[in-house]
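In: Predicted model follows, preceded by the sequence.
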Amino acid sequence: MSAAEAVTDALRDLHRRFVDVREGERADYIPELTRSDTRDFGLALVSMDGHRYSAGAARTPFTLQSVSKPFVYALALSSLGLDEVDRWVGAEPSGEAYNAISLERRTGRPANAMVNAGAIVATALVPDTPEVPAFTRILTTLSRFAGRGLDVDEDVYASEAATGDRNRALAYLIRSTGVLPADPVAAVDTYFRQCAVRVTAVDLAVMAATLAHGGVNPVSGETVVTADVAAQVLAVMATCGMYNASGEWLLRVGLPAKSGVSGGLIAAGPARFGLATYSPLLDATGTSVRGRDAISALSERLGLHLMRNPALPGSTVTLATTADVLPSAPADREARALRERVGVVAAQGALDFTAVERVLFALDEAGPERAGPVVLDLREVTGADGVALALLHAGLARLAREGRRAAVVDPAGRLGPPALVRGRTGQDLPRYGSREEAVEHCARDLAGPA
């Protein structure tokens, strides 16, 4: 266990809260999807520093289905640019279901790339050459977003190809208007394959985090798409990603999101996190019921609504070291040896969920072998919301339960009383006015009675 497990605890709480929900039905128009286990429910979150948290069936494999759409749209944008892609597929909410005939009356152009009609066009826009076929480019890109090699569930692909007449009809209808730049049969077959790519909720959280991180995968460090493309994709997800429920979702949850009929659901907090859930029971819009409810609850609990809580810069943790390297460290060898075992973490600025997650992770890593006492210096912290305080108290309490002593430098009282923790006992730690006093306290504890 660790201080950062407070984030995992939040996911576990959501899992316990919604795992027994039995509402919804599995998608049955793709027969292979009816083989999924309705008891499966997983959640995953990835921070901008690449820290991964999960609960439940977060590593159970399933197919992307429509969650593939934002990432293939990103590939089309990267290949051709926004102006060229916009000639073929729009960016306006359709207000209709995912498989509706959402085409402009005058031009036949699909409304957006999140509905099936627009997604088929986006797939058709991916360059297709004998040397590098379109699907090879797509699978490579999806794998780069996930930070690992992905593959195709051939059984789901075959099931989808055998029953996908409506998508073929959409492709031929679009082709008749002149806005499908590829053979309909080939375009739809490639589309079926991209939908059958296999992932887990953890993969999806990494993929969503890559969009949130300006196109840079926070786990692998690879730049997958440019920051401009990532922003364009997130904008379309925000307005169109949840089909005819997109407006209600943005109003209440406030996060760019995309659902898929296999039960996957992603949400992204720009510059903050990527979030994903998996549960195959769907509502009438084709969205996972448990996933929808869990992300809605998490957004409310942690104050994640995009319009209410703008992202903070990434320079929250200003120091993460051991006390022996501080300028105030004594020359005496024995005293320095004790200080080598004392971790020191300093934070600055305003703390919200994103910022406090960085602090909790730094506390875990502080000190040799992630053990021994730790000093948390809050002198440069200008404020903290209720969510940040609750998580910080919970994380410090976890350290105490593991036997790691902690001391807080907090002359302004930013940490607040333990009662601020939501329904849980907080951690009433020793508090000091200076970092040196706190370090000396921890070193004395290590030395034992004089």
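Out: Ah, there it is. Please read all numbers here as calculations on a predicted model, not as lab measurements.
In: Which residue ranges make up the domains of the protein?
Out: Each domain of the chain is listed here as a residue range: 5-302, 317-447, per automatic domain parsing.
In: and the ones you listed, which is most packed in?
Out: Between the domains of the chain, domain 5-302 has the highest mean count of neighbours, a mean of 21, where neighbours are mean count of other Cβ atoms under 10 Å. From N, CA and C alone the C-beta is placed, and that goes for glycine too.
In: Now do that one: distance from first to last residue.
Out: 15 Å (Cα to Cα, to the nearest Å).
In: mind listing the strands in the stretch 301-450 of the chain by residue range?
Out: Ranges of strands within the stretch 301-450 of the chain are 317-322, 343-351, 374-384, 406-409, 431-432, based on DSSP state E, counting those that start in this stretch.
In: would you turn those into JSON lines with distance to G215?
Out: As requested, the strands of the stretch 301-450 of the chain are arranged in JSON lines below (distance: least, Cβ to Cβ, whole Å):
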{"stretch": "strand 317-322", "distance to G215": "24"}
{"stretch": "strand 343-351", "distance to G215": "25"}
{"stretch": "strand 374-384", "distance to G215": "30"}
{"stretch": "strand 406-409", "distance to G215": "37"}
{"stretch": "strand 431-432", "distance to G215": "42"}
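In: check contacts around L326.
Out: Residues counted as contacts of L326 (Cβ atoms under 8 Å, 6 or more residues apart in numbering) are 339, 344, 435, 439.
In: Please look at the second one and T322 and confirm they touch.
Out: Yes: taking contacts as Cβ atoms under 8 Å, V344 lies within contact range of T322: 6.6 Å.
In: Tell me the residues that contact both of the two, please.
Out: By Cβ under 8 Å, 6+ apart, the residues touching both V344 and T322 are A366.
In: In CSV, list the strands of the stretch 301-450 of the chain along with distance to R252 and mean pLDDT.
Out: Listed next are the strands of the stretch 301-450 of the chain as CSV, based on distance: least, Cβ to Cβ, whole Å; pLDDT from 0 to 100:
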stretch, distance to R252, mean pLDDT
strand 317-322, 32, 92
strand 343-351, 25, 93
strand 374-384, 25, 94
strand 406-409, 36, 92
strand 431-432, 39, 91
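In: So for R52, which of those strands sits nearest?
Out: Nearest to R52, of all the strands of the stretch 301-450 of the chain, is strand 317-322, at 18.2 Å by Cβ to Cβ.
In: Could you check the angle the closest one makes with strand 343-351?
Out: 170 degrees (axes from the mean of the first three to the mean of the last three Cα atoms, to 10 degrees).
In: contacting residues around strand 317-322?
Out: Outside strand 317-322, the residues touching it (Cβ under 8 Å, 6+ apart) are 339-348, 358-359, 362, 365-368, 377, 380.
In: Could you list the paired strands of it along with their orientation?
Out: Using DSSP bridges, strand 317-322 pairs in its sheet with strand 343-351 (antiparallel).
In: Kindly export the partner strand (C-alpha atoms) in CSV.
Out: Written as CSV, here are the backbone C-alpha positions of strand 343-351 (Å, rounded to 0.1, in the frame of the first residue of the first chain):
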residue,chain,number,x,y,z
GLY,A,343,12.5,11.8,2.7
VAL,A,344,11.5,15.4,1.9
VAL,A,345,8.8,16.5,-0.5
ALA,A,346,7.9,20.2,-1.1
ALA,A,347,4.8,21.4,-3.0
GLN,A,348,3.7,24.8,-4.3
GLY,A,349,0.6,26.5,-5.7
ALA,A,350,-3.0,25.6,-5.5
LEU,A,351,-3.8,21.9,-4.9
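In: If I take it and strand 374-384, what angle do their directions form?
Out: 10 degrees.
In: Contacts for strand 343-351, please.
Out: 312-313, 315-323, 326, 355, 359, 362-363, 366-367, 372-385, 388-389, 392, 435, 439.
In: Give the other helices and strands that the lowest-mean-pLDDT helix or strand in the chain contacts.
Out: The helix or strand of the chain with the lowest confidence, counting by mean pLDDT, DSSP states H and E, is helix 333-339 at a mean of 84. The criterion is 3 or more Cβ pairs under 8 Å, 6 or more residues apart in numbering; DSSP states H and E, and the helices and strands that helix 333-339 contacts are helix 435-447.
In: what angle sits between the helix it packs on and strand 374-384?
Out: Going by the same axes, to 10 degrees, helix 435-447 makes 150 degrees with strand 374-384.
In: Show me what helix 435-447 packs onto, helices and strands only.
Out: Partner elements for helix 435-447 (3+ Cβ pairs under 8 Å, 6+ apart): helix 333-339, strand 343-351, strand 374-384, strand 406-409.
In: Go again with 10 Å.
Out: helix 333-339, strand 343-351, strand 374-384, strand 406-409, strand 431-432 (3 or more Cβ pairs under 10 Å, 6 or more residues apart in numbering; DSSP states H and E).
In: between these, which one is nearest to P270?
Out: strand 343-351 (17.3 Å).
In: Tell me where the stretch 1-150 of the chain has helices.
Out: With DSSP state H, counting those that start in this stretch as the criterion, the stretch 1-150 of the chain has helices at 5-18, 69-80, 82-88, 116-125, 134-146.
In: need the ones you listed in TSV with mean pLDDT and distance to T285, can you?
Out: What follows is these, written out as TSV (pLDDT from 0 to 100; distance: least, Cβ to Cβ, whole Å):
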stretch	mean pLDDT	distance to T285
helix 5-18	94	18
helix 69-80	98	15
helix 82-88	95	25
helix 116-125	94	13
helix 134-146	98	24
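In: Can you tell me which of those is nearest to L415?
Out: helix 5-18 (14.4 Å).
In: and the top helix by length along the chain, C-alpha only, in CSV?
Out: Identified as the longest helix of the chain according to DSSP state H is helix 386-401. The C-alpha coordinates for helix 386-401 follow below in CSV (Å, rounded to 0.1, in the frame of the first residue of the first chain):
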residue,chain,number,x,y,z
GLY,A,386,-11.8,19.9,-0.3
VAL,A,387,-11.1,17.0,-2.7
ALA,A,388,-7.3,17.7,-2.5
LEU,A,389,-7.4,17.9,1.3
ALA,A,390,-9.4,14.7,1.6
LEU,A,391,-7.0,12.7,-0.6
LEU,A,392,-4.0,14.2,1.1
HIS,A,393,-5.3,13.2,4.5
ALA,A,394,-6.1,9.7,3.2
GLY,A,395,-2.7,9.3,1.7
LEU,A,396,-0.9,10.4,4.8
ALA,A,397,-3.1,8.1,6.9
ARG,A,398,-2.0,5.2,4.7
LEU,A,399,1.7,6.1,5.3
ALA,A,400,1.1,6.0,9.0
ARG,A,401,-0.7,2.6,8.8
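In: All set, thanks.
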